[in-house]
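In: Make a model of this:
(4 chains)
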Protein chains: 4
Amino acid sequence: MTDNLRFSGVVPILATPFHTDESVDTASLDRLVRFMAGLGVDGVTVLGVLGESNRLSDRDRELAIRTAVAAAGSTPVIVGASHPGTRATLDLVKMAADLGARGVMIAASAEPVPNDDRLFEYYRRVGTDSPLPIVVQDHPASTAVHMPVPLLVRIAKEVPGIVGIKEEAVPTPPKLRSLIAALGPDGPTIMTGLGALYGLFDLEAGSAGFNTGFAFPEVLMGMVEAMRAGDTARARSLYTRFLPLIVFEQQPGVAVRKEILRRRGAIEGNTVRHPGAGLPPGAEAQLDALIEATLPGVDLTRPLDLARL
Amino acid sequence: MTDNLRFSGVVPILATPFHTDESVDTASLDRLVRFMAGLGVDGVTVLGVLGESNRLSDRDRELAIRTAVAAAGSTPVIVGASHPGTRATLDLVKMAADLGARGVMIAASAEPVPNDDRLFEYYRRVGTDSPLPIVVQDHPASTAVHMPVPLLVRIAKEVPGIVGIKEEAVPTPPKLRSLIAALGPDGPTIMTGLGALYGLFDLEAGSAGFNTGFAFPEVLMGMVEAMRAGDTARARSLYTRFLPLIVFEQQPGVAVRKEILRRRGAIEGNTVRHPGAGLPPGAEAQLDALIEATLPGVDLTRPLDLARL
Amino acid sequence: MTDNLRFSGVVPILATPFHTDESVDTASLDRLVRFMAGLGVDGVTVLGVLGESNRLSDRDRELAIRTAVAAAGSTPVIVGASHPGTRATLDLVKMAADLGARGVMIAASAEPVPNDDRLFEYYRRVGTDSPLPIVVQDHPASTAVHMPVPLLVRIAKEVPGIVGIKEEAVPTPPKLRSLIAALGPDGPTIMTGLGALYGLFDLEAGSAGFNTGFAFPEVLMGMVEAMRAGDTARARSLYTRFLPLIVFEQQPGVAVRKEILRRRGAIEGNTVRHPGAGLPPGAEAQLDALIEATLPGVDLTRPLDLARL
Amino acid sequence: MTDNLRFSGVVPILATPFHTDESVDTASLDRLVRFMAGLGVDGVTVLGVLGESNRLSDRDRELAIRTAVAAAGSTPVIVGASHPGTRATLDLVKMAADLGARGVMIAASAEPVPNDDRLFEYYRRVGTDSPLPIVVQDHPASTAVHMPVPLLVRIAKEVPGIVGIKEEAVPTPPKLRSLIAALGPDGPTIMTGLGALYGLFDLEAGSAGFNTGFAFPEVLMGMVEAMRAGDTARARSLYTRFLPLIVFEQQPGVAVRKEILRRRGAIEGNTVRHPGAGLPPGAEAQLDALIEATLPGVDLTRPLDLARL
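Out: Have a look, this model is predicted:
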């Protein structure tokens, strides 16, 4: 096992772009990965919830991983590889490894009767056989699985290959604090997500950064840098300024985020796979006003120059 | 039926204050109602989700309504009166009416097999026999009931006494637009909630105001006034400035909000009824920093003077 | 605390009879309790799920308890007293005690974030202050709460006043075996429910009897007696013969069971409170055929004479 | 589209057999299909819930379909091809068609916001492009999707290629009656499942037969034949005799059913894929007693001779 994956800083969760016929748009995915790598992010994650992973066939997944790895260069690609079956999870993990991914993100699946020992065993089996380092995703809103702190700590300490936790169980700050206290400075790192909705509060509570889909990773990079430099005021100022955009973007439905990525020139179109919802009527006009108010006259297709904003 | 209740502007959802032994703190509730009335809100709602209504006995409810009505003076008191049983809902509605409430808020309850006709019939029976005007609450996050637009429209148009809809199904803006288009200018008004998380976007989509628990209603009043005056920039500016506080406050758990109300002098303590969670470790310090950054040097116990902020 | 309640044998869960206007039919409830007591059951439970407890006001509950206690004579009355709030649960428990109940049945309520420690604390607080012995109900199908064996054992061993567990988490036999092994012969007893659907298998696994609503408790009494006498063949024969009726009756919806109780002369009508479903079309004819095939020519209003069947 | 698939009689849902290392045991699947075909069933369904479809990779699915089709001879093979994504569903449908399946079974997937129009569109798109006839599965217990009768009727009438509905929403008899009345004699046929728990009552209500996993399809075939011949007494007698076995087998967890199939010589082992539960302690002994009581001295590996039982 190589576990030279640093899980900290800013690791965007990528949308999976589709053509209008809903086939995977590999050219856009290539462009999206290069766009993110060009911003200097610490990695990218494909096939997460935002990547509409649940609407993809295994062949689509293969295509997306292959495309992302080829485009990423030295930027690590983490692959969402969760599956309700343990053995099938390992199949996905091995496919990711074979295709050159640098890590996998694994969320637990809901079973009719929740059982912490079985959840642990799920991670233990996957961790034992995985050739790649593992990020544990704790996101009850999408999984309906609730992992109490002691279970997460047990997984983090006893399962080989766990390098990070993506913590998205609200309220995140107290859970972050408990995890960090229990895991210590040498344990797996903890990043947060949820579109950075609680970004400032997560950083205050010790988050190592953001593993999320906000379409302006530059802002999150600026916040992380400011906090590392002890400049809370700067982090707060960035957070406050962009929070309306963060809030608007994290509304349920991937279409808004895809539309912003489209405006940034990172992907061709905002098509969402059925039965996911497309851009609702009125959203475009709201987005126009919101972006104009937040970034007046700014060319979105270029990296934001936070120093000049 | 008297339906002279205007459901628009800002109608705060009130917390139910408790003593440390978890009995209802009527003195604090009295103070809280007077505090809100003193701000000039358009009404107050007691016994909502934020009011920990689900953890109260019918006797507690009676006590809370009696206290709120006595304190409210001419400010209308709307009472949450939802119950899984239709007849028991009517019992609560009648208690509210007998005690002097001016309206009731009714959310549907989840049944093992969802059934739109039965939901309609629930509202029809309640509306037919209710002596008070009714606000329909659409909040799937707490009810697990999903009410499609046509069902809400049917209820709003066919059930007697419906004066408003509290719309809290995310994403709210497109649902607001659909409802407003279908109901027309003479139909029930639609307010939004969710702690005002989507406040600006809701107003843009036509929300008549806020029926929610944000502990600084002055800000929401300022936003509503600005939008009514056509000053979107002012509404956006208020929203942006206070959004970190809005986001922090709407985290799951009532304790943060109670703590802010305590700091505002509106209630005595932040006790939450078991098994609700108390204030998590670290939240107090985060709140200190957040309030200091948002309202530096401001006396929270006085109404905010938005003009001077 | 008096905990002289024996939780074993057959303790029927009672329906709450209603008039056609959905008010509580106390005359029928009186008749129903006397009917059951006349069969020689070991107790009766009112205000369970089958008793449509979730559709009752606190005043309805008081009326039902008062009626049942008055009718029950020396037969113990156990009262369902679950409530999402801990303090409100205690209010219900105290009302039950004041009205002469002999025990209470308490199920946990689902919280947004499941938490075993908080569940334990719920039972600890209730058990510490309850003047009545407590039956813990484990019925995830209605509560959406999953209580693993170690949690149930901890509650049973550490909370004062726990005299029994009503175990209804499927599959019941392995959970029964684990609980019995952990609790030992001096611990709380465990009865099963679910309409006796798994009756024979539950008894084989060590169930102390049935705490359920099957409208022919005589059959369950016969099964329990047969198992106590070591006559498994007799228990199996009774189970097999009546299983179609058991299966038909335990279908979702209380109306079928109320209709059978009506035919037995135990209650006046089969009215279910809205929004509960009434007897579906076709059910009556199926029931006619089923009863005729199972109990040809038998007068249902008299206790079944199992020896002669 | 060929839609010469008759969806009636008895079409067993097949388990997916695994080696002890959880790889697909194709030899056992071959044997299982031949066993069922040898009984004269009207078809077999692979990759349903019972087939642990949710724990399989797409490659496992391909292997299972290929094996089943090769073994089935002229017995039609129906393939479970449900997927949360519409396009991915079609990928699975096309794979099934390419591999020689004769039909597909499609269940809807739960979306965060239920939406009947979107559900209809799901079936419409699949039906329009599917080269195979389609069975709509209505099984809320596994899907958490509730499809009201009018929606099912709309799908059945307007979507091309729908040949049947597998109706498993409890209580099944009233829903069956409503569907049959609405669809008429020339519409899609409706079979029932749920392990035949409600077998007699489903047939009485008009079910065209059983599409379920009960390991003794001979019994279900006998019941269907008896009902077709107007001999309700015979159907009732078979149902009553085997009902304890039916009840025991339909307990949650696939392991019991796999163990019975193992005893029947149809598969090699009862391995369930992790995180599914294996055979619980005590179940084997209960099964011994149950089978001995139900089928004393009978060689389970041979087809049951109902006439001689």
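In: Using PDB, write out the CA atom coordinates for stretch A:127-140.
Out: What follows is stretch A:127-140 as a C-alpha-only set of coordinates in PDB (Å, rounded to 0.1, in the frame of the first residue of the first chain):
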ATOM      1  CA  GLY A 127      -8.900  -1.400   4.100                       C
ATOM      2  CA  THR A 128      -7.100  -4.800   4.400                       C
ATOM      3  CA  ASP A 129      -7.300  -5.500   0.700                       C
ATOM      4  CA  SER A 130      -7.200  -2.000  -0.800                       C
ATOM      5  CA  PRO A 131      -4.000  -1.100  -2.700                       C
ATOM      6  CA  LEU A 132      -4.900   2.600  -2.300                       C
ATOM      7  CA  PRO A 133      -5.200   4.800   0.800                       C
ATOM      8  CA  ILE A 134      -8.700   5.400   1.900                       C
ATOM      9  CA  VAL A 135     -10.800   8.500   2.900                       C
ATOM     10  CA  VAL A 136     -13.800   7.600   5.100                       C
ATOM     11  CA  GLN A 137     -16.800   9.700   4.100                       C
ATOM     12  CA  ASP A 138     -19.300  10.500   6.900                       C
ATOM     13  CA  HIS A 139     -22.200  12.100   5.200                       C
ATOM     14  CA  PRO A 140     -25.500  10.900   6.700                       C
END
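In: Can you point out the buried residues in that stretch?
Out: By neighbour count on 16 or more other CB atoms under 10 Å in any protein chain shown, the buried set for stretch A:127-140 is A:G127, A:D129, A:S130, A:L132, A:P133, A:I134, A:V135, A:V136, A:Q137, A:D138, A:H139, A:P140. All C-beta atoms are positioned from the backbone trio N, CA, C, and that covers glycine.
In: Give the single residue among the residues you listed positioned nearest to chain D.
Out: A:D129 (11.7 Å; CB to the nearest CB).
In: Now render the buried residues of stretch A:127-140 as CSV, adding pLDDT.
Out: Below are these laid out as CSV (pLDDT from 0 to 100):
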residue, pLDDT
A:G127, 98
A:D129, 98
A:S130, 98
A:L132, 98
A:P133, 98
A:I134, 98
A:V135, 98
A:V136, 98
A:Q137, 98
A:D138, 98
A:H139, 98
A:P140, 97
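In: taking those residues one by one, which sit in strands?
Out: If you go by DSSP state E, these have A:I134, A:V135, A:V136, A:Q137, A:D138 in strands.
In: just to revisit the earlier point, farthest-separated two in the buried residues of stretch A:127-140?
Out: A:D129 and A:P140 (26.0 Å; CB to CB).
In: Up against chain B, what does the stretch 101-250 of chain A have?
Out: A:170-171, A:173-174, A:177, A:197-198, A:200-201, A:204-205, A:232-233, A:236, A:239-241, A:243-244, A:247-248 (CB under 8 Å from any CB of the partner chain).
In: Next, count neighbours for A:L238.
Out: 22 (other CB atoms under 10 Å in any protein chain shown).
In: Ok, A:D299 next?
Out: By the criterion of other CB under 10 Å, A:D299 has 10 neighbours.
In: Over to it: give its phi and psi.
Out: phi -80, psi 110 (degrees, to the nearest 10).
In: show me where chain A has strands.
Out: Residue ranges of the strands in chain A, as given by DSSP E, are A:9-10, A:44-46, A:77-80, A:103-107, A:134-138, A:162-167, A:189-192, A:209-210.
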